[in-house]
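Asker: Provided below for reference: sequence and predicted model.
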2 protein chains.
Amino acid sequence: MHKMQQSVHLLTHLRAIVGDAGIVGEGDLALHENGARYGAGKAHLVVRPATVEEVSEVVKTCIAHHVPLIAQGANTGLVGASTPDASGHQVVLSLTRLRQPMALDAGNRSVDAGAGLRLHELNDFLSEDGFWFPIDLSADPTIGGMVAANTGGTRLIRYGDVRHNVLALEIVLFNPPGQIVRLGRALRKDNTGPDLKHLFIGTADSFGIVVGATLQVHHKPVQTATALVIPVSSAAVNILLSEMERQFGDWLAAFEGMSGNALDAAIAHIPDLRNPFHPEILPEFAILVKLETCLPIGRTGKALQEMLDDFLEEQFGFSIMNAAVGKRAALWSLRHGLSEGAKALGPIIAFDVSVPRSSIMHFRELAIALVSRYYPWLRPVDFGHIADGGLHFNVVWPRDSGTPYDAGAVSPLRDAIYALAVEQFGGSFSAEHGVGPHNATFCQRYTNPLNKSWCGALKFLFDPEKLGGRVDFGPGIFST
Amino acid sequence: MHKMQQSVHLLTHLRAIVGDAGIVGEGDLALHENGARYGAGKAHLVVRPATVEEVSEVVKTCIAHHVPLIAQGANTGLVGASTPDASGHQVVLSLTRLRQPMALDAGNRSVDAGAGLRLHELNDFLSEDGFWFPIDLSADPTIGGMVAANTGGTRLIRYGDVRHNVLALEIVLFNPPGQIVRLGRALRKDNTGPDLKHLFIGTADSFGIVVGATLQVHHKPVQTATALVIPVSSAAVNILLSEMERQFGDWLAAFEGMSGNALDAAIAHIPDLRNPFHPEILPEFAILVKLETCLPIGRTGKALQEMLDDFLEEQFGFSIMNAAVGKRAALWSLRHGLSEGAKALGPIIAFDVSVPRSSIMHFRELAIALVSRYYPWLRPVDFGHIADGGLHFNVVWPRDSGTPYDAGAVSPLRDAIYALAVEQFGGSFSAEHGVGPHNATFCQRYTNPLNKSWCGALKFLFDPEKLGGRVDFGPGIFST
């Protein structure tokens, strides 16, 4: 059949499944074709099924037509895994209409949720009963997207990543095409063979399309305490972390590192963000800590914030700057403004790396030294989730540097920083953003051949025609 | 070659690898041939390599000889997965000599440990620095055995199972034979493709032999509080659990249910175990709760036990029986005596099931009704980990029942109880003991065909000759 005819034929089939409302018009394609940070592609067409059964039929139809497809949630991913490539051949399967009614089992602390719901919608629903799904991100992804990327965020040290909170998944398979399966049950203890749902978590829907999930939820804390701490040295950071964990245990909900450069950029560029430091000299590095507890204040007679303040005063010779109680929310505005502040300076060369957290400050020093030696005109504006070893080692090419941004020129920097993280520090080239076209080169480089051969076999098992997703994690890494 | 010659040949090869000390003599075979609860087999021979490299050579040699092999740790498993079958063909690969020096990274809260170390040895080592690996079992398995079975235990609700605390694994593969690989790193955030280590957790070394692990460890709590609670009704159990979690969050470290029958048997048969109830009438069901916290008592000014006592007094109309403070350890002796007490009554028909925890008391009622209707002479002596939905629904065939134990007669009971758990309650036929010959029938029955076909493909990928382990989780379930 002629290509054009084939395409018309596919559209007719898909329209029959999803109706007019399920086919995205020309004017709205850009939303689905361009990634949040990387990835400007071209879709063959964008289809938005409204039910799991429609997803199944769409998958069946695409595979029958040998047409590749990309699952997409809110398209907030940062590595381009949910956007089509430039070929114009890929069908984007947008899952945002999968809004099955949520079902909370309060006694089991679990919820069933459709893949298309946003994180904030899930949390709005849960909060009515005093629960939350405590993944804390600057984006507002869909449930399906969170499973596909295994998102982390600032509360990982307290609650784990998404993987730790998935009890079961509902999946539409590529093989057999369109078959709907459930993997796992609403159970915390279930040892009945390989726990195969893990193959579908953090793998960008490349083995099958996540259409629903049963998630473990948690009671919302009733007290929060925050402090901004300036460590006296790099070495003090891990000591503070260890001591806070030793005394507060799981009350430690966040331990965020912020470089002076990142703070500077945020304060300079975001209106209403005040400099909390006094005198108004920025520290080289600051830590924002958060404690959270379910324990009502009446149980102990002492407020959580008071306990945190006592701890910081008695334990450390740090110079500690607590903002006034009324301004504690402002401290988090500072943290949440770091990305925007950095972007205002110029194009960003972003590294989402992790290392064992005991060496994160050492890694950071060497990475900064590397930038200043070979790229003196670039400006590291890093921040990170120190408690889980994750560092957003972002480097800005300042607009006022005199030379315009040159992607080719920073390519050796990418090689060097990733090599430092992975080869020297036993770290990861992708801590929490997952794998997509943006970092596929490094996935290719740092995945060992045996692991790749296993992934290739898994891809063959779950998607023998290699039609689903943009990554197969196997020898070729890219599947389409 | 003649069979006898072949055997001599293999022994010569293995002895050359492991030395005389690595070949278990005739007199000590029984320890390795008989399971802790089920499984009386016959080994071809038992080999005890002392290093990872020796394991690799042993695996290579066995596969070259086409001889099946069973990995074994402390042989404390309860489903027979670590004991040889009756054929006398299987080589038992005992891993207890894999005692590589442990390495703690205190700042990363992680430890590297060899597969052959016992849980108590790991904890002795960790306690020097104030840490622990908080899996709480009545057995003392090896690290490798814990990974192979994905053990749960009483603290699961607080710390998760073993899977939740594995950062990385070292594995000796069957394919390529003897190849040594590491999966994962000492990282909490690492999203670089499929997290393949999960295929080697809870799968009884059927895909490869776990020889070492990097585990997440935790700070040891400094305060503990315990209470024995008698709920006014079945429905009150989940309400108590939810309310305790709502107020104490992760301080809730155990929430154990104990039936009156189980308590009765323990008190009757274990010397020095006193009845803590007053008047000395046993309740139908009692809950043992434990809170644990890292928070020093000075931080709040109120002891944890006081907080727990306050909570129980003010929140509930329960009849609550706290033992005196000095006897709180005795409450746990009661809990730990339940298994032994039940065994003293007669042969046990054991069910290690789980259901969504919101319905565990309902499941229990129906299961008891089923026993009393069809097997009136049997006696349920159940107890369980209520907070994670796990129930050891043990049923005793009393020695004084008049009829001797008849395995065939209880076969329909097994069918019925598992059907109730799995089919009616969406539960599991193996909550925390894993899959082995003992429950392979139910693995076969309750694993869906698609899942089996995937497992079969995985087995082919990792062990194409089907020489490793006793279960392949695939169409045939048994691999040898």
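Answerer: Now that the structure is in, tell me what you want to look at.

Asker: need the contact list for A:C294.
Answerer: Contacts of A:C294 were listed using C-beta atoms under 8 Å, 6 or more residues apart in numbering or on different chains, and they are A:H219, A:K220, A:P221, A:V222, B:E245, B:R246, B:Q247, B:F248, B:G249. Backbone N, C-alpha and C define where each C-beta goes, glycine included.

Asker: one more time with 7 Å, if that's ok
Answerer: A:H219, A:P221, A:V222, B:R246, B:Q247, B:F248, B:G249 (C-beta atoms under 7 Å, 6 or more residues apart in numbering or on different chains).

Asker: from those, which is closest to A:F255?
Answerer: Closest to A:F255 out of the contacts of A:C294 is A:P221 (15.9 Å), distances taken as C-beta to C-beta.

Asker: quick check: phi and psi at the closest residue to that closest one other than its chain neighbours.
Answerer: Closest residue to A:P221 apart from its sequence neighbours, by C-beta to C-beta, 6 or more residues apart in numbering or on different chains: A:E292 at 3.8 Å. When read as degrees, to the nearest 10, the backbone of A:E292 gives phi -140, psi 140.

Asker: count the neighbours of whichever residue of the stretch 251-400 of chain A sits closest to chain B for me.
Answerer: In the stretch 251-400 of chain A, the residue that lies nearest chain B is A:S358 (3.0 Å; C-beta to the nearest C-beta). Using other C-beta atoms under 10 Å in any protein chain shown, A:S358 has 18 other residues around it.

Asker: I figured it hits B:L104, correct?
Answerer: No. Contact between A:S358 and B:L104 fails when scored by C-beta atoms under 7 Å: they sit 10.4 Å apart.

Asker: what residues sit buried inside the host helix or strand of A:S453?
Answerer: Taking DSSP states H and E as the definition, A:S453 sits inside helix A:449-462. Within helix A:449-462, the residues scored as buried using 16 or more other C-beta atoms under 10 Å in any protein chain shown are A:N451, A:K452, A:W454, A:C455, A:G456, A:A457, A:L458, A:K459, A:F460, A:L461, A:F462.

Asker: keep only the residues you listed that also lie close to chain B.
Answerer: Among those, the residues within reach of chain B (C-beta under 7 Å from any C-beta of the partner chain) are A:N451, A:W454, A:C455, A:A457, A:L458, A:L461.

Asker: show residues contacting stretch A:353-373.
Answerer: So stretch A:353-373 is in contact with A:234, A:237-238, A:378, A:380, A:382, A:386-391, A:393, A:395, A:416-417, A:420-421, A:425-429, A:431, B:105, B:107-108, B:186-187, B:189-190, going by C-beta under 7 Å, 6+ apart.

Asker: can I get the CA coordinates of stretch A:116-130 in CSV?
Answerer: Extracted C-alpha coordinates of stretch A:116-130, given in CSV (Å, rounded to 0.1, in the frame of the first residue of the first chain):
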residue,chain,number,x,y,z
GLY,A,116,-3.6,9.7,33.3
LEU,A,117,-4.2,11.4,36.6
ARG,A,118,-1.8,14.1,37.7
LEU,A,119,0.1,13.8,40.9
HIS,A,120,-1.7,16.8,42.4
GLU,A,121,-5.1,15.2,41.5
LEU,A,122,-4.1,12.1,43.3
ASN,A,123,-3.0,14.1,46.3
ASP,A,124,-6.2,16.2,46.4
PHE,A,125,-8.2,13.0,46.4
LEU,A,126,-6.1,11.4,49.2
SER,A,127,-6.0,14.5,51.4
GLU,A,128,-9.7,14.2,52.1
ASP,A,129,-8.8,11.1,54.2
GLY,A,130,-5.6,12.5,55.6
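
Asker: among the ones next to chain B among the buried residues of helix A:449-462, which two are most distant?
Answerer: A:N451 and A:L461 (15.5 Å).

Asker: wait, A:L240 touches A:P231, no?
Answerer: Yes. Counting by C-beta under 7 Å, A:L240 does reach A:P231; the two are 6.3 Å apart.

Asker: out of the two, which sits in the more crowded spot?
Answerer: The residue with more neighbours, out of A:L240 and A:P231, is A:P231; 23 against 20, by other C-beta under 10 Å.

Asker: can you classify the spatially closest residue to the more buried one that is not a sequence neighbour as helix, strand or coil?
Answerer: Once flanking residues are discounted, A:P231 sits nearest to A:V237: 5.0 Å by C-beta to C-beta, 6+ apart. Three-state assignment for A:V237 (DSSP: H, G, I helix; E, B strand; the rest coil): helix.

Asker: I'd assumed A:G384 was in contact with A:V237.
Answerer: No. Between A:V237 and A:G384 there is no contact under C-beta under 7 Å: 10.8 Å.

Asker: what about these two, which has more around it?
Answerer: Using other C-beta under 10 Å, the more surrounded residue of A:V237 and A:G384 is A:G384, with 29 against 22.

Asker: can you tell me the helix or strand for that one?
Answerer: Going by DSSP H and E, A:G384 is part of strand A:383-385.

Asker: quick one: residues contacting the residue nearest to A:P231.
Answerer: A:P231, A:I287, A:M361, A:I386.

Asker: tabulate the ones next to chain B among the buried residues of helix A:449-462 in TSV, adding columns for pLDDT.
Answerer: Listed next are these as TSV, based on pLDDT from 0 to 100:
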residue	pLDDT
A:N451	95
A:W454	97
A:C455	96
A:A457	96
A:L458	97
A:L461	97
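
Asker: excluding chain neighbours, what is closest to A:G434?
Answerer: A:A149 is the one closest to A:G434 (C-beta to C-beta, 6+ apart), at 4.2 Å.

Asker: state the pLDDT value of that neighbour.
Answerer: For A:A149, the pLDDT comes out at 95.

Asker: report how many residues lie close to it.
Answerer: By other C-beta under 10 Å, neighbour count at A:A149 equals 32.

Asker: just the one 4 residues further on next, same as before
Answerer: Burial of A:G153, expressed as a neighbour count using other C-beta under 10 Å, amounts to 22.

Asker: now swap in A:R373 and tell me
Answerer: 8.

Asker: got the CA coordinates for the helix or strand hosting it in CSV?
Answerer: Here A:R373 sits within helix A:360-374, counting by DSSP H and E. Extracted C-alpha coordinates of helix A:360-374, given in CSV (Å, rounded to 0.1, in the frame of the first residue of the first chain):
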residue,chain,number,x,y,z
ILE,A,360,28.8,13.7,47.2
MET,A,361,30.6,16.8,48.5
HIS,A,362,33.9,15.4,47.3
PHE,A,363,32.4,14.7,43.8
ARG,A,364,31.1,18.2,43.7
GLU,A,365,34.4,19.8,44.5
LEU,A,366,36.2,17.8,41.7
ALA,A,367,33.4,18.5,39.2
ILE,A,368,33.6,22.3,40.0
ALA,A,369,37.4,22.2,39.7
LEU,A,370,37.1,20.4,36.3
VAL,A,371,34.7,23.1,35.0
SER,A,372,36.8,26.0,36.2
ARG,A,373,40.0,24.5,34.8
TYR,A,374,38.8,23.6,31.3
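
Asker: perfect, that will be all.
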